[in-house]
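**Student:** what follows is a predicted structure for the sequence shown.
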Amino acid sequence: MSIIIDGEILPPRRKAKPGAATDAVIKGPKPTFDNRGDAPPSSGAARAHQILNILTAAGQPQWGKIGHLPRTGDIVDALGLPRTKTAFASVSRSLARLERAGRIVSYAPAMATRGNGFHWAVKP
């Protein structure tokens with residue numbers, strides 16, 4: 001059935017196909033997650049474990065010297081990640097999380113360097 005408005009014939013409205021932008025949001029059941037049992041660690045936990053292994057191998061400050069301790073770029077390289085902004089941001093977030101948890105310590109050099117320039121070590 002067509003509609004005539006001001007001499008124009010308009011075709012009948014068709015129902016939108018499923019998935020069209022005009023459809024209301026269809027809510028399904030909420031997904032359930034079970035993190036117990038033999039589930040592998042999340043990528044964040046696995047990355048934190050790898051970072052702790054790297055920092056443990058690097059050692060502690062010796063006689064007030066921190067030059068041998070790894071910086072964020074050294075950790076990115078040791079993890080085998082590309083030197084991109086996203087990789088640095090991801091590793092920096094992991095380092096900040098570990099520092100807030102009290103697992104690692106950051107040391108700032110006396111001379112200003114590019115970026116924050118923190119050197120990282122496992123908390124003694």
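**Tutor:** Looks like it came in fine.

**Student:** strands of the chain, start to end?
**Tutor:** When secondary structure is read from DSSP state E, the chain shows strands at 3-5, 8-10, 104-107, 119-122.

**Student:** so for the third one, mean pLDDT?
**Tutor:** Taken as a whole, strand 104-107 has an average pLDDT of 87.

**Student:** with just CA atoms, put that strand into PDB.
**Tutor:** The C-alpha atoms that make up strand 104-107 are tabulated as PDB, following Å, rounded to 0.1, in the frame of the first residue of the first chain:
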ATOM      1  CA  ILE A 104      59.500  -3.300  42.600                       C
ATOM      2  CA  VAL A 105      61.300   0.000  43.200                       C
ATOM      3  CA  SER A 106      62.000   2.800  40.800                       C
ATOM      4  CA  TYR A 107      65.300   4.800  41.000                       C
END
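
**Student:** so which elements touch it?
**Tutor:** Applying 3 or more Cβ pairs under 8 Å, 6 or more residues apart in numbering; DSSP states H and E, we find strand 104-107 packed against helix 43-58, helix 85-100, strand 119-122. Bear in mind the C-beta positions are built from the backbone N, C-alpha and C, glycine included.

**Student:** low pLDDT regions in the protein?
**Tutor:** Scanning the chain for pLDDT under 70 picks out the ranges 1-43, 111-116.

**Student:** can you give the contact residues for stretch 95-110?
**Tutor:** 44, 48, 51-52, 55, 61, 66, 69, 72, 75, 116-124 (Cβ atoms under 8 Å, 6 or more residues apart in numbering).

**Student:** ok so, going back, let me have the helices and strands packed on strand 104-107 in TSV, extended by mean neighbour count and distance to Ala108.
**Tutor:** As requested, the helices and strands packed on strand 104-107 are exported to TSV (neighbours: other Cβ atoms under 10 Å; distance: least, Cβ to Cβ, whole Å):
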stretch	mean neighbour count	distance to Ala108
helix 43-58	15	16
helix 85-100	15	12
strand 119-122	20	8
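
**Student:** and those: which comes nearest Leu79?
**Tutor:** Taking Cβ to Cβ, helix 43-58 is the member of these nearest to Leu79, at 6.0 Å.
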